[in-house]
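Asker: Dropping the sequence and predicted coords here.
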Amino acid sequence: MELRHFRYFVAVAEEGSFTRAAARLHVSQPTLSQQVRELEQRVGATLLTRDPAGTRLTAAGEVFYDRIRVVLRAVEEASREARHVAGAGEGTLRVGVSLPLPDELHISVLSAFTTAYPRVRTSWRQVGLTDFDRPLVNGELDAAIMFLPVDPERLTWEPLVSVPRALAVPLGHAFWDAGSVPYTDVLGEALVPTVSSVPERLTRWWHLNEQRNNEAPRLVGQPGGTPDELLIAVRLNGALCPGPDNFRATPLPSGIRMVRMTGLCPAQVVAVRRTGDDGGLAEAFCRLAVRTAAGVL
């Protein structure tokens, strides 16, 4: 059996007609019929039946169709990645990283990419709360590894790993000794504000506005524009600051600890590129990030 047998069979199965499938494939109908008959002979089963209503899959054909679609997708993926390595795998890729990430995921992904694409000049920079996904949207960066939410209209992402949401809690707060707290207990608590240059979608998501019927929380203290500034505001103002649970593995200011929130969907780390930026290094980076994350975490 050859790939053309599979592609011809899939076309007939999806079009429900040898005539339409032949037009789709730009081959003659007799040639298409012959190729399908050869496939059935080699499989040892009738895969398609014809009747006045059109062409239908037999029970054996349905099973074969499901398996062969997977094979063809795998072949297309392998061909695309081989082209990247052999020819398209040259150029420059600029990557943004939102730190800290769980288990230093960015190191593993960047290392895997530079190994797979040695002829690509790869650079990276840290993106903060105030710029966040804007450098990716405006073309300063080609891809990024960061937490959602990002611009849903102009960016496309691949999920890498989920991280529980947590709270930075100051010493003396009622939550200080808690192992975890339900998010519903947090809705009435004061939070530290962010500066106005932090994207609104980011602030609203972390501040649980949706869980308050889109109402803003009570805010206390000086607005912060970096994780360090927000943590200092937590300590000085006795307020809380939501964030990803992996922050507990980083050095925290004295008098602050991370307490996990329960009852919420987790935060999602993703590999991001601009929507429509397909077939190039940015897409290759995001796909490799998915595979690397699956092996690392």
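Answerer: The structure has been received and is ready for your questions.

Asker: Quantify the burial of Ala74 by counting its neighbouring residues.
Answerer: By the measure other Cβ atoms under 10 Å, the count of residues near Ala74 is 10. C-beta here means a position set from N, CA and C on the backbone, and glycine is covered the same way.

Asker: Give me the phi and psi angles of it.
Answerer: Ala74 adopts backbone torsions of phi -60, psi -40, taken as degrees, to the nearest 10.

Asker: Tell me the confidence at it?
Answerer: Looking at Ala74, its pLDDT stands at 85.

Asker: likewise Val296?
Answerer: So Val296 comes in at 53 (pLDDT).

Asker: Which strand or helix spans the closest residue to Arg201 other than its chain neighbours?
Answerer: Nearest in space to Arg201, with sequence neighbours left out and distances taken as Cβ to Cβ, 6 or more residues apart in numbering, is Pro149 at 5.1 Å. Element membership of Pro149, judged by DSSP states H and E, is empty: it is in no helix or strand.

Asker: residue contacts, the residue at the greatest distance from the centre of the chain?
Answerer: In terms of distance from the mean C-alpha position of the chain, Pro52 ranks first, at 45.5 Å (Cα atoms, centre = their mean). For Pro52, no contacting residues are found, by Cβ atoms under 8 Å, 6 or more residues apart in numbering.

Asker: Excluding its own residues, what touches the helix or strand of the chain with the lowest mean pLDDT? List them.
Answerer: Least confident helix or strand, the chain: helix 59-83 with a mean of 83, by mean pLDDT, DSSP states H and E. Applying Cβ under 8 Å, 6+ apart, the contact partners of helix 59-83 are 3, 6-7, 9-10, 13, 43, 45-48, 57, 279, 284, 287.

Asker: try 10 Å this time
Answerer: Residues from elsewhere that reach helix 59-83 (Cβ atoms under 10 Å, 6 or more residues apart in numbering): 1, 3, 5-7, 9-10, 12-14, 39-40, 43-49, 55-58, 88-89, 116, 278-279, 283-284, 287-288.

Asker: Same check on stretch 171-190?
Answerer: 164-167, 169-170, 207-208, 211-212, 215, 217-221, 234-235, 237-240, 242, 245, 254-257, 259-264.

Asker: Buried by neighbour count, from those: which ones?
Answerer: 164-167, 169-170, 207-208, 217, 220-221, 234-235, 237-240, 242, 245, 256-257, 259, 261, 264 (16 or more other Cβ atoms under 10 Å).

Asker: Mind checking which of these are in strands?
Answerer: Taking DSSP state E, the ones among these that sit in strands are 165-167, 169-170, 242, 256-257, 259, 261.

Asker: which one of these sits closest to Glu158?
Answerer: Arg165 (20.7 Å; Cβ to Cβ).

Asker: So what sits opposite that closest one in the bridge?
Answerer: Beta bridges link Arg165 to Pro244, judged by DSSP bridges.

Asker: my guess is it meets Gln211, correct?
Answerer: No - here Arg165 does not reach Gln211: they are 11.1 Å apart, not a contact under Cβ atoms under 10 Å.

Asker: got the ones in strands among the buried ones among the contacts of stretch 171-190 as TSV, with pLDDT and distance to Ala74 columns?
Answerer: Shown next, in TSV, are these (pLDDT from 0 to 100; distance: Cβ to Cβ, whole Å):
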residue	pLDDT	distance to Ala74
Arg165	96	36
Ala166	97	39
Leu167	96	43
Val169	97	48
Pro170	96	52
Pro242	96	41
Ile256	96	48
Arg257	96	47
Val259	97	44
Met261	97	40
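
Asker: ok, the host helix or strand of Thr122: who's next to it in the sheet?
Answerer: Element membership of Thr122, judged by DSSP H and E, is strand 120-126. With DSSP bridges as the test, strand 120-126 is paired with strand 91-97 (parallel).

Asker: Next, give phi and psi for the residue lying closest to Phe285 once chain neighbours are set aside.
Answerer: The shortest distance from Phe285 to any residue other than its chain neighbours is 4.6 Å, reached at Ala143 (Cβ to Cβ, 6+ apart). Backbone torsions for Ala143, taken as degrees, to the nearest 10, come to phi -150, psi 170.
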